[in-house]
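Chemist: Model the structure of this input:
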Amino acid sequence: MPDFIEATARAIKIDYLQDTLFGVNALTCECMTQVARIACGWELRLTPPWPSQIKDAHTIAFEWEGVACHGLIKDVQPLPAGELLLAIEIQP
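Modeler: This is a model prediction of the structure:
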């Protein structure tokens, strides 16, 4: 269960890495996002539209309330309302 939930979605710049046959793609997007702090990291709920490539990303970085956050994407779940839920494990 999340320790804290950002009740209203706000625009967050997200940097993420995606593996391809030709190497790693470094991509950036700005999405309307709700953020929750969970025991092992962060949970991001992206509201549509979100980039389809983010489902295949393995590493993510974003800034939330002035704190730089980065980690590994451990789980990706599409939600019925078209949202995307990302579970992120914090990396030092």
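Chemist: Figure out the helix or strand that residue 75 lives in.
Modeler: Using DSSP states H and E, residue 75 falls within strand 67-78.
Chemist: That strand: how far from the chain's middle?
Modeler: Centroid separation between strand 67-78 and its chain, computed with C-alpha atoms, centre = their mean, to the nearest Å, is 5 Å.
Chemist: So which bits of that strand are buried?
Modeler: 69, 70, 71, 73 (16 or more other C-beta atoms under 10 Å). In this view, the C-beta of every residue, glycine as well, is placed from N, C-alpha and C.
Chemist: now, which of these sits nearest residue 16?
Modeler: Residue 16 has its nearest neighbour among the buried residues of strand 67-78 in residue 73, at 7.7 Å by C-beta to C-beta.
Chemist: ranges for the strands of this protein?
Modeler: Counting by DSSP state E, the chain has strands at residues 4-5, 10-20, 23-38, 41-46, 57-64, 67-78, 84-90.
Chemist: and the ones you listed, which one is worst for confidence?
Modeler: Among these, strand 4-5 has the lowest mean pLDDT, at a mean of 58.
Chemist: didn't residue 48 look like it was pressed against residue 83?
Modeler: Yes: Residue 48 is in contact with residue 83 according to C-beta atoms under 8 Å; the separation is 6.8 Å.
Chemist: And the two? Which one has more around it.
Modeler: Applying other C-beta atoms under 10 Å to residue 48 and residue 83 shows that residue 83 carries more neighbours, namely 18 against 10.
Chemist: Contacts only, for that one.
Modeler: Contact analysis of residue 83 by C-beta atoms under 8 Å, 6 or more residues apart in numbering lists 45, 46, 47, 48.
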